[in-house]
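Asks: Show me how the following folds:
(one chain, ligands or ions: 1)
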Amino acid sequence: MDVALFSTKPYDRTFMEAASAGRHRLTFIEAHLTPATAVLARGAGAVCPFVSDTIDAGTLQVLHGLGVRLVALRSAGFNNVDLAAAKRLGITVARVPAYSPEAIAEHAVALILSLNRGIHRAYARVREGNFALDGLLGFNMHGRSVGVVGTGRIGAATARILLGFGCRVMAHDPAPDPALAALGVAYVPLEELLGGADIVTLHCPLLPATRHLIDAGAIARMRRGAMLINTSRGAVLDTQAAIEGLKSGAIGHLGLDVYEEEEALFFEDLSDTVIRDDVFQRLLTFPNVLVTGHQGFFTREAMAAIAEVTMANVSAFEAHGHALHEVT
Ligand code: NAD
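Replies: Residues are numbered from 1 along each chain as shown. Okay, the predicted model is just below:
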């Protein structure tokens, strides 16, 4: 099948070509998929977008006109797709539901440990010949209360790692995981989790119900000075409210791998440009904030798994008219 892959980098080519193994004709396009760039998919039966692409009704309309019948997302999240429009146009949407959830869980824990022990600050200090410890005082993870919001694949992997540290793990999820409960994870209402956790880590998907799940009210209910980690989707957290929380001391540390307006920033080298997003720039002024550019998924194992499942979705669709992991 001819597949047009959008928002691609050299590393995407490496993993996708290996997974395709010549089964599909792949065209690697650097541009983001938008209504304006969708024409680049001409001749393809499937497109393969990334999380930074806009698969709205306008994009889908153009793709439909070109004869594209499959949107094979190379991501787990699908909040950037207008599913109703895809259904109306008869375009199948597939995704990669699970690919090494440990990759993202380990990154969330990396953010926790780095913020706790000031690794990001120590790195810069030592290179400047500054070996002072002031400002680097951390806490033992052992015995700390951690609240995991969303215990699907990634949240569950995160909870297991934290149990290994000797943390007391609370969780909130409308669908509790009995296997985690058996390991000692206590499922509690969100209010109780926010009020009782030293560290809150977000692993729920972005849905209408979870947009700004952590807003000013939720931050006010958190333990004063608690650490907040978001590796799920940017808009689960109200960034402006988080900034106010940092200024007041309500939030003691903030670790982000995702950001509400990340589409305009992440995955590109903008080091020679002026960043006009004042909210993002304000975040970077806090010493107790650590931001990474949506790299939670970026391990060899996860990239290989994403490519394998994406190509398997395309192969199944080509053979039977149904992808393996369709989003409905
Ligand atoms: P999943 O579908 O396995 O789990 C999501 C869990 O969230 C489910 O158990 C669901 O019941 C729960 N949930 C839904 N609504 C909730 C709510 N209101 N409160 C609490 N829990 C709620 O998904 P996953 O594979 O664990 O991924 C979680 C999210 O992580 C994805 O949706 C995606 O946005 C994000 N993600 C980020 C990266 C990254 O690189 N940073 C990579 C992959 C996924």
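
Asks: Tell me which stretches of the stretch 151-300 of the chain form helices.
Replies: For the stretch 151-300 of the chain, the helices defined by DSSP state H, counting those that start in this stretch cover 153-164, 178-182, 190-196, 216-221, 239-248, 278-283, 300-320.

Asks: Distance from the chain centre to the fourth one, please.
Replies: Here the centre of helix 216-221 is set off from its chain's centre by 22 Å, with CA atoms, centre = their mean, to the nearest Å.

Asks: Run through the neighbouring helices and strands of that helix.
Replies: If contacts are counted by 3 or more CB pairs under 8 Å, 6 or more residues apart in numbering; DSSP states H and E, helix 216-221 sits against helix 190-196, helix 239-248. For the C-beta atoms, the positions are set from N, CA and C on the backbone; glycine is no exception.

Asks: Likewise for the third one?
Replies: The helices and strands touching helix 190-196, judged by 3+ CB pairs under 8 Å, 6+ apart, are strand 145-149, strand 168-172, helix 216-221.

Asks: need those in CSV with distance to the ligand and mean pLDDT, can you?
Replies: Shown next, in CSV, are these (distance: least, CB to the nearest ligand atom, whole Å; pLDDT from 0 to 100):
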stretch, distance to the ligand, mean pLDDT
strand 145-149, 5, 98
strand 168-172, 5, 98
helix 216-221, 11, 98
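
Asks: so of the ones you listed, which one's packed in deepest?
Replies: strand 145-149 (a mean of 26; mean count of other CB atoms under 10 Å).

Asks: and for it, what are the contacting residues?
Replies: 155, 158-159, 162, 167-173, 185, 190, 193-194, 196-204, 213 (CB atoms under 8 Å, 6 or more residues apart in numbering).

Asks: try 7 Å this time
Replies: 155, 158-159, 162, 167-172, 193-194, 196-204 (CB atoms under 7 Å, 6 or more residues apart in numbering).

Asks: so which helix or strand takes in the nearest residue to Thr158 once chain neighbours are set aside?
Replies: Leaving out its chain neighbours, the residue that sits closest to Thr158 by CB to CB, 6 or more residues apart in numbering is Ala105, at 4.1 Å. Assigned by DSSP states H and E, Ala105 falls within helix 101-117.

Asks: Would you mind naming what in the stretch 51-200 of the chain lies close to the ligand?
Replies: Neighbours of the ligand within the stretch 51-200 of the chain, by CB under 6 Å from any ligand atom: 76-77, 101, 104, 149-155, 172-175.

Asks: So which of the residues you listed is the closest to Thr59?
Replies: Within those, proximity to Thr59 (CB to CB) peaks at Gly77, which comes in at 16.6 Å.

Asks: correct me, but that closest one touches Val51?
Replies: Yes - shown here, Gly77 and Val51 form a contact pair, counting by CB atoms under 7 Å, at 6.1 Å.

Asks: Counting neighbours, go ahead and name the busier of the two.
Replies: Per other CB atoms under 10 Å, whichever of Gly77 and Val51 has more neighbours is Val51, with 21 against 15.

Asks: and the gap between the more buried one and Asp82?
Replies: Note on Val51: its distance to Asp82, by CB to CB, to the nearest Å, is 15 Å.

Asks: Next: Pro10.
Replies: As judged by CB to CB, Pro10 and Asp82 stand 30 Å apart.

Asks: Same question for Leu111.
Replies: 31 Å.

Asks: When those two are compared, which one has more neighbours?
Replies: Applying other CB under 10 Å to Leu111 and Asp82 shows that Leu111 carries more neighbours, namely 24 against 18.

Asks: ok now do the more buried one, which residues does it touch?
Replies: Applying CB under 7 Å, 6+ apart, the residues contacting Leu111 are 229, 255, 257, 290.

Asks: Just the buried residues out of those, in ChimeraX syntax.
Replies: For the buried members of the contacts of Leu111, the matching ChimeraX selection, counting by 16 or more other CB atoms under 10 Å, is:
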select :229,255,257,290
